[in-house]
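Engineer: Everything below, folded, please.
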Amino acid sequence: MIQSILWLTLITLIPTLELRASIPIGFFGMDRQLSWPWVVLVCVIANILLGWTVFWIMGPAFQLIRKWNWFDRTIWPVLERTQHRIHPYVEKYGELGVAVFIGIPLPGSGVYTGALGAYLLGLDKKKFSVANVIGVLIAGAAVTAICLLILHGAVGENSWMAKLFVKIKH
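Structural biologist: Below you'll find the model as predicted:
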């Protein structure tokens, strides 16, 4: 059981995969050592903690990158101008927008890009924390729903969703 939890956590930490891959792997690819509620719980918690960690690392990472003169002279001023222009909108719609972006279970969205975008747009830690939890819960619910549909036969054996998530043995 501990090994399954560790594997699910490690898969969740992989950029672009996150819980969009770890939940289906937990449902269909790990000899079902954990029940599906445990799979979802492990993956959601790991993904929430990942988002908070990535956002927290952004400040020190950008301070380090800004020591590179080219970045500080050419890229950073553009980022600052964008932050100042967008800041009123971020304050008004930021949490919801970031939550929806994180929650869309598609490649390119998720907590890595959500944390980076939120940091660059100037969203504060508290608002990002809330957006991250909401977004991960949205993504977790969507992926879990698809997996449950497949698991309970609502999606046929020859459907594209079943072929995407399940290896059918003949």
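Engineer: count of neighbours near Ile150?
Structural biologist: By the criterion of other Cβ atoms under 10 Å, Ile150 has 21 neighbours. Yep, even glycine has a C-beta here, placed from its N, CA and C like the rest.
Engineer: what are the phi and psi values for Pro107?
Structural biologist: When read as degrees, to the nearest 10, the backbone of Pro107 gives phi -60, psi 140.
Engineer: so what pLDDT did it get?
Structural biologist: Confidence at Pro107, expressed as pLDDT, is 71.
Engineer: dump the residue contacts of it.
Structural biologist: By Cβ atoms under 8 Å, 6 or more residues apart in numbering, the contact set of Pro107 is 16, 20.
Engineer: Could you do Leu50 as well?
Structural biologist: Each residue near Leu50 by Cβ under 8 Å, 6+ apart is listed here: 12-13, 18, 111-112.
Engineer: Tell me which helix or strand comes right after the helix or strand encompassing Val100.
Structural biologist: Val100 is part of helix 76-103, with elements assigned from DSSP states H and E. Heading C-terminal from helix 76-103, the first helix or strand you meet, by DSSP H and E, is helix 111-120.
Engineer: in that next one, what's buried?
Structural biologist: For helix 111-120, the buried set under the neighbour-count rule, 16 or more other Cβ atoms under 10 Å, comprises 111-115, 117-119.
Engineer: What average pLDDT does it get?
Structural biologist: pLDDT averaged over helix 111-120 gives 86.
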